[in-house]
Structure formats: structure tokens, C-alpha cells
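A.B. asks: Pasted the sequence and its predicted model underneath.
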Amino acid sequence: AQSVAQPEDQVNVAEGNPLTVKCTYSVSGNPYLFWYVQYPNRGLQFLLKYITGDNLVKGSYGFEAEFNKSQTSFHLKKPSALVSDSALYFCAVRDPFSGGYQKVTFGTGTKLQVIP
Amino acid sequence: DTAVSQTPKYLVTQMGNDKSIKCEQNLGHDTMYWYKQDSKKFLKIMFSYNNKELIINETVPNRFSPKSPDKAHLNLHINSLELGDSAVYFCASSSTAIGTYEQYFGPGTRLTVT
């Protein structure tokens, strides 16, 4: 069974500082990994994904994530945080061996608070 | 243009009532989903349809019944509503085309059962 863990309920970072939101996963094969962001009273919004290829993937709003197979991690990063980045971030994993059916498992979410 | 839309946005009803939530996507996707997000923001998949065929049916009470009249629409009907059904319900869609696996979410329907 696939699973994903976000060990931090909340991350606080000062504006202008680099930020990292952690994610680790467990799947039987090579994973498909995703990051989504949810602003208050809104639906989830896709940020970036890793399917194959370069371990460093870049996404929307200056975010990037690094796939680390040996550590089974997919941490979300941004070099310089903005107050507008404050939101709830979800990591998600899909096991490509789940067949043609795209069941994705979401983490519990990490609230990012960027302090002015 | 709204990619994934849901109606209604808010739904307040009493225990025991029956209600429906509708979802439509104009992205040309072939797979649609219903998720439930509880008060702690945990997101749990309920159902998924691919080309109108039910492919994911998680452990959900029989009071919940999805229906997909076509690839662009997925509705959720809930019978005999209970207090524990209060949550935000999200519809999402995705494509099975190679290289595209991300899901696009609707704005959510906040259901409050009193």
C-alpha cells in the first residue's frame, strides 16, 4: 500500500528566508509524486510533480522539489519566502503499479506561515 | 473559464435529509473524483470514475452514491444525512494521458448538517 508522511503540522519562516516543507513516501515501485497548495476556503491547486527524469523539479510560483530515492523524500523548497506563500501544502503519491486507476494518496498537510 | 466547478458552494441542512452536490469539468479529462476534507483538513478520497465507470470506491457509507452521466459530470447524492457528514467535499479531475497525472480541484462544497 502506498503512503505519504508530512512530519510537520506547521512551518514558520521569515519573509525572504528559504523555506522547506518535508515529505516522505512509501510505494512498492517508482513513485509519482505531487505537491499541491490550498489557500483558505479554496480548492487544492497543483504546484509540481515528479514522474521521471531530473530529480529536481520546478513548479509554479518559484517552488521546486527534489526527489531523493534513497531517502524516499520529496521535500518542497523555495529560495525566498513571500507572505503570500502562507497556505496549506499537501504532498501526494501515486503508485504507478496501481494499474490504470489513478488513486492518489495525500499527506496530512503542512501549514506554512511566512512572517513579515 | 472555470475548469472544475461545483454547486452549491454552501449547503446547510438538517439531519435525515437527502442532498446532492454537482460537479462539472471543462478540461476534457476522463477521470473524476470526490474527496472529503474534514475539520482537521485531512483529505480522503471517496470515489473515482474513469469514462463514466466507477474505478475507486473507498470505505464510504452506502448513504453516499455517486453518479457520472458523462465524462464531464460527476454528482454525489447523500441520503439520510448525519452530523458526521459535515465537511468540505471536493470534486477533482485528471487525465490518463501519458505524462499528465495531476488533479484539478473544484472550489469545494461546504456541507453543514445540523
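C.D. replies: Yes, it's here.
A.B. asks: which element follows the least confident helix or strand in chain B by mean pLDDT toward the C-terminus?
C.D. replies: Counting by mean pLDDT, DSSP states H and E, the weakest-scoring helix or strand in chain B turns out to be strand B:53-57, with a mean of 85. Using DSSP states H and E, the helix or strand that directly follows strand B:53-57 along the chain is strand B:64-70.
A.B. asks: what sits against A:D85?
C.D. replies: A:19, A:61, A:78, A:112, A:114 (C-beta atoms under 8 Å, 6 or more residues apart in numbering or on different chains). The way it works is simple: take the backbone N, C-alpha and C, and place the C-beta from them, glycine included.
A.B. asks: B:N26: which of those is nearest?
C.D. replies: Lowest distance from B:N26 to those (C-beta to C-beta) belongs to A:Y61, with 24.0 Å.
A.B. asks: Quick check on the closest one: phi, psi?
C.D. replies: Backbone torsions for A:Y61, taken as degrees, to the nearest 10, come to phi 60, psi 30.
A.B. asks: pretty sure it contacts A:L48?
C.D. replies: No. Counting by C-beta atoms under 8 Å, A:Y61 does not reach A:L48; the two are 9.7 Å apart.
A.B. asks: Which residue is the nearest non-sequential neighbour of B:M32?
C.D. replies: Spatial nearest neighbour of B:M32, chain neighbours left out: B:L74 (4.1 Å); criterion: C-beta to C-beta, 6 or more residues apart in numbering or on different chains.
A.B. asks: helix or strand for the one you found, which one?
C.D. replies: Per DSSP H and E, B:L74 falls inside strand B:73-78.
A.B. asks: Now the element after that strand, going C-ward?
C.D. replies: Next along from strand B:73-78, by DSSP H and E: strand B:87-94.
A.B. asks: Quickly check: that following strand near chain A or not.
C.D. replies: Yes. Interface with chain A: strand B:87-94 contributes B:90, B:92, B:94 (C-beta under 8 Å from any C-beta of the partner chain).
A.B. asks: Let me know the pLDDT of the residue in chain A that chain B sits nearest to.
C.D. replies: Proximity to chain B, evaluated over chain A using C-beta to the nearest C-beta, is greatest for A:G43 at 3.5 Å. Looking at A:G43, its pLDDT stands at 94.
A.B. asks: Return the set of residues that bridge with the closest residue in space to it that isn't next to it in sequence.
C.D. replies: Nearest non-adjacent residue to A:G43, counting by C-beta to C-beta, 6+ apart: B:F105, 3.5 Å away. Assessed by DSSP bridges, B:F105 has beta-bridge partners B:A92.
A.B. asks: residues touching B:F105, list them.
C.D. replies: Going by C-beta under 8 Å, 6+ apart, the list of residues near B:F105 reads A:36, A:43-45, B:4, B:35, B:90-92.
A.B. asks: Which other helices and strands does the helix or strand of chain A with the lowest mean pLDDT contact?
C.D. replies: Sorting the helices and strands of chain A by mean pLDDT, DSSP H and E puts strand A:104-106 at the bottom, at a mean of 92. When contacts are defined as 3 or more C-beta pairs under 8 Å, 6 or more residues apart in numbering or on different chains; DSSP states H and E, strand A:104-106 sits against strand A:3-5, strand A:87-94.
A.B. asks: Tell me the predicted confidence for residue 17.
C.D. replies: Reading this off chain A. Here the pLDDT value assigned to A:N17 is 98.
A.B. asks: My question was about chain B, not that one.
C.D. replies: At B:N17, pLDDT is 97.
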